[in-house]
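**Student:** what's the 3D shape of this:
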Amino acid sequence: RDIYGKMEQNSVTEEDVFPIKELPNDLWKVLLEYIGFQSQMELRVVSQWFDDKLTAVVPQFRTWNITITDKTFPTLQPFLLAAKERQPTNLKLHIDIVSTRISKWCNQVLTEWKDSICSLKMIVHKENQFLLDPSLCIPNLEKLDLKNGSNEDVIVPKLMEALIN
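**Tutor:** Predicted coordinates:
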């Protein structure tokens, strides 16, 4: 259209536009190699379709770094549920549990999200005995950083063995 809204004779039709939505994911990966990460993030806001496509193709968009404290946990639960709803598969959580005391929510987070946790960092206290439960195996755990929060040096090696096996 020209500046007055009239169709020009040599205008582009839908048939003339490259069908980018029909590209398979493998070709999207090749295409995105030529686009910087910042531009990829900007492309996600173009439409829901682009957001869904880039989330499926770019692994960095499926990773969530989360720091959980006693104060933030009540507000974080809806956020985690929304993340899982938006991305039901391949969700990767890097969780850093910062707590000066053991809370019942720690057990809840690790039990509920164990399939999505790929990195876990936390201070371990002797009250964390529930972590030794064999049913708490975290299958996709790639990185584990545990610090002793008590004077007992025995709990961290036992815990590492239980979580990895």
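**Student:** so where is the protein shaky, pLDDT-wise?
**Tutor:** 1-18, 86-90, 99-104, 150-165 (pLDDT under 70).
**Student:** show me where it has strands.
**Tutor:** 63-68, 92-97, 117-124, 143-148 (DSSP state E).
**Student:** rebuild the ones you listed as TSV, extending it with distance to Leu110 and mean neighbour count.
**Tutor:** Every residue, glycine included, has its C-beta placed from N, CA and C. Output for the strands of the chain, formatted as TSV (distance: least, Cβ to Cβ, whole Å; neighbours: other Cβ atoms under 10 Å):
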stretch	distance to Leu110	mean neighbour count
strand 63-68	10	15
strand 92-97	8	18
strand 117-124	7	20
strand 143-148	12	13
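**Student:** can you redo the ones you listed as TSV with distance to Leu80?
**Tutor:** Output for the strands of the chain, formatted as TSV (distance: least, Cβ to Cβ, whole Å):
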stretch	distance to Leu80
strand 63-68	7
strand 92-97	8
strand 117-124	11
strand 143-148	19
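**Student:** for Thr55, find the nearest of these.
**Tutor:** Judged by Cβ to Cβ, the one of those that comes nearest to Thr55 is strand 63-68, at 10.6 Å.
**Student:** ok, residues contacting the top helix by length along the chain?
**Tutor:** Identified as the longest helix of the chain according to DSSP state H is helix 73-86. Helix 73-86 is contacted by residues 64, 66, 68, 91, 93, 103, 105, 109, 113, 116 when judged by Cβ atoms under 8 Å, 6 or more residues apart in numbering.
**Student:** my guess is the first one contacts Ile117, does it?
**Tutor:** Translated: Trp64. No. When contacts are counted by Cβ atoms under 8 Å, Trp64 is not listed as touching Ile117 (10.3 Å).
**Student:** common neighbours of those two, please.
**Tutor:** Shared contacts of Trp64 and Ile117, defined by Cβ under 8 Å, 6+ apart, are found at Leu93.
**Student:** how about the longest helix of the chain: buried residues?
**Tutor:** 73, 76, 80, 83-84 (16 or more other Cβ atoms under 10 Å).
**Student:** OK, contacts around the closest residue to His125 other than its chain neighbours?
**Tutor:** Using Cβ to Cβ, 6 or more residues apart in numbering and skipping residues adjacent in sequence, the residue nearest His125 is Gly149, 4.3 Å away. Neighbouring residues of Gly149 by Cβ under 8 Å, 6+ apart: 123-125.
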